[in-house]
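K.L.:
No letters, just coordinates:
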């Protein structure tokens, strides 16, 4: 005996969610049907609506229902700086830090030639045009400190520096509150090579 | 800055799934929109379809799209025994053990007076009628070995024994492959009080 077809289909469909295996999918299916059918209907509507409405901002490529996202359209932001990040979640993280008031460009990934993801796939042609057209003064590279993220940062540097744009990379090192003892060797090596002279007060 | 309304709505809607917190919901939302919009649409369809079609079997209360579920309609099953379980997942577990060929009755819960769940809410009135009408010979109680599951089993025993129905409870004790050292005290106490005489071969 198995579950009935509609249940099996829902169990299978739930597995498109990251981190959801067969057991979780089964538990979710039974939970929804037993305890929260309204929730299931609301979820179906939200999924359909998001897929239909959410697209990329025409300027920064972040997810939005509008042509131009709220950040790009916000006149109070500093339009002379662009921060390049890999994903919409990164934008949120930077925003929540409250440490940045410029604009963004969301790559929606990183360079990965093996997977066929070149500069055009992450919008770099359009990005270069934008930087030049809008007279951007500084581009802050906030791609992840992974092999692909670093490669993407290097590519952007090579692309922008010759055109007279100031390029910077966010600092990588020991996180605040982190204990040296538990920080991995690579990060520690990075923290040492990126050390800054302490100036007299 | 927050995510756009359609994204926020989807993040919120995903939290109706058990075990999904705000961070997971955000990750799922971005994953679906970035990498698997077809999956999101399929999930929306599967949810709608399951909520519309799946209802309780009129005989055993298990989930099914049919009036009478496949197990109840299967003429090869032993119709003189009914196994009482709490959830559809329990039916699946028993079926997969391959140790039972009778029918089921799915309570869809257990007695829990504090939550307003009495005998009628778990279908016991209908169940008693069915046992008497169909001349069931044995009722196997396979509710969970929890306080509520045990209380439900006792209630069923009190209901059925006076009417001349044979009632049994599945055995609880040390699981196969389990090591005594790691089995909790309650289970061990149960295993001792439920010990069976070894007969000479």
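P.N.:
Nice, thanks for sending it over. Please read these numbers as outputs of a predicted model, since none were measured by experiment. Residues are numbered from 1 along each chain as shown, chains lettered A, B, ... in the order given.
K.L.:
going forward, measure contacts between C-alpha atoms and count neighbours the same way
P.N.:
Fine.
K.L.:
Now the element after the longest helix seen in chain A, going C-ward?
P.N.:
The longest helix of chain A (DSSP state H) is helix A:37-53. Using DSSP states H and E, the helix or strand that follows helix A:37-53 in sequence is strand A:55-56.
K.L.:
Hmm, residue A:60 is touching residue A:70, no?
P.N.:
No: counting by CA atoms under 8 Å, residue A:60 sits too far from residue A:70 to count as a contact (10.5 Å).
K.L.:
Point me to the residue of chain A nearest chain B.
P.N.:
residue A:44 (4.1 Å; CA to the nearest CA).
K.L.:
got a list of what the spatially closest residue to that residue that is not a sequence neighbour touches?
P.N.:
Leaving aside its sequence neighbours, residue A:44 sits nearest to residue B:44 (CA to CA, 6 or more residues apart in numbering or on different chains; 4.1 Å). Applying CA atoms under 8 Å, 6 or more residues apart in numbering or on different chains, we find residue B:44 in contact with A:43-45, A:47-48.
K.L.:
need these in TSV with pLDDT, can you?
P.N.:
TSV is the format used below for those (pLDDT from 0 to 100):
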residue	pLDDT
A:43	96
A:44	96
A:45	96
A:47	96
A:48	96
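K.L.:
Highest neighbour count among those residues?
P.N.:
For the contacts of residue B:44, counting by other CA atoms under 10 Å in any protein chain shown, the largest number of neighbours falls to residue A:47: 29 neighbours.
K.L.:
That one and residue B:39 touch, don't they?
P.N.:
No: taking CA under 8 Å as the definition, residue A:47 is not a contact partner of residue B:39, at 9.8 Å.
K.L.:
residues shared between the contacts of these two?
P.N.:
In contact with both residue A:47 and residue B:39: no residue, using CA under 8 Å, 6+ apart.
K.L.:
just the helices in chain A please.
P.N.:
A:5-14, A:22-35, A:37-53, A:70-73, A:88-97, A:124-133, A:147-160, A:185-193.
K.L.:
The residue positioned nearest the centre of chain A: what's it in contact with?
P.N.:
Nearest to the geometric centre of chain A sits residue A:87, at 1.3 Å (CA atoms, centre = their mean). Contacts for residue A:87 (CA under 8 Å, 6+ apart) come out as A:62, A:106-109.
K.L.:
got the contact list for residue A:170?
P.N.:
Per CA under 8 Å, 6+ apart, neighbours of residue A:170: A:140-142.
K.L.:
Report the entries of the residues you listed that also contact chain B.
P.N.:
By CA under 8 Å from any CA of the partner chain, no member of the contacts of residue A:170 lies near chain B.
K.L.:
returning to that earlier point: and the contacts of residue A:87, which two are furthest apart?
P.N.:
Greatest spatial distance among these (CA to CA): A:62 and A:109, at 11.5 Å.
K.L.:
Domain-wise, how is chain A divided?
P.N.:
Domain assignment for chain A by automatic domain parsing gives A:5-53, A:69-169.
K.L.:
mind checking the end-to-end distance for the longest one?
P.N.:
Using CA to CA, to the nearest Å, the span of domain A:69-169 from its first residue to its last is 24 Å.
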